[in-house]
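Colleague: Below is the sequence, then the predicted model.
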Amino acid sequence: MGREVRLEFKAGKSYLKDKKITSDKEKGRVILFKESDDPEHLVHVGWTRRDSDTVADEDHLYVFRGECEFKLVGRSRVFMLKVKATGEKTFYWMQDPDSSGDEQICILVNDIIGAPPNAPLVPAAAQCAP
């Protein structure tokens, strides 16, 4: 089984507790990939430490195209991956010192996970912009 990486970016994990988002300081990366034998509509989203290529089970999501959205949370550099059907949310904070690429990463993630471009009430770019 081969891994076909679609996108990779520096990001840490964040957590929502008592309506407050806190970020883990550990350096990491988010990887969006496909396994060569997976159906076309399945995308893997994983988080791993930067010094490792292993994605732990608790940091590995199986995403069906069109079932999730990735968007900016408030005016921070925290982004949320939300499963529409269940409301499950996973948070990541961008760790690249240069924030100028955050919006483009958000747009690319939504393209890869197949978020329908006409689903949000605001344009996709607006969901991703600070």
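Modeller: Great, that's in hand. These numbers were taken from a predicted model, which means no experiment stands behind them.
Colleague: how about the residue nearest the centre of the chain, what does it touch?
Modeller: Among the residues of the chain, the one closest to the centroid is Leu81, at 5.2 Å (CA atoms, centre = their mean). Taking CB atoms under 8 Å, 6 or more residues apart in numbering, we find Leu81 in contact with 45, 61, 63, 68-70, 89-92, 109, 113. For every residue, glycine as well, the C-beta is placed using N, CA and C.
Colleague: Just the buried subset of those, written out for ChimeraX, thanks.
Modeller: Of the contacts of Leu81, the buried ones go into a single ChimeraX selection, burial set by 16 or more other CB atoms under 10 Å:
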select :45,61,63,68,69,70,90,91,92,109,113
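Colleague: so where do the strands sit in this structure?
Modeller: 3-17, 20-23, 28-35, 42-49, 60-64, 68-72, 78-83, 89-94 (DSSP state E).
Colleague: what's in contact with the longest one?
Modeller: Applying CB under 8 Å, 6+ apart, the contact partners of strand 3-17 are 21-36, 43, 47, 50, 59, 78-79, 89, 91-96, 101, 105, 108-109, 112.
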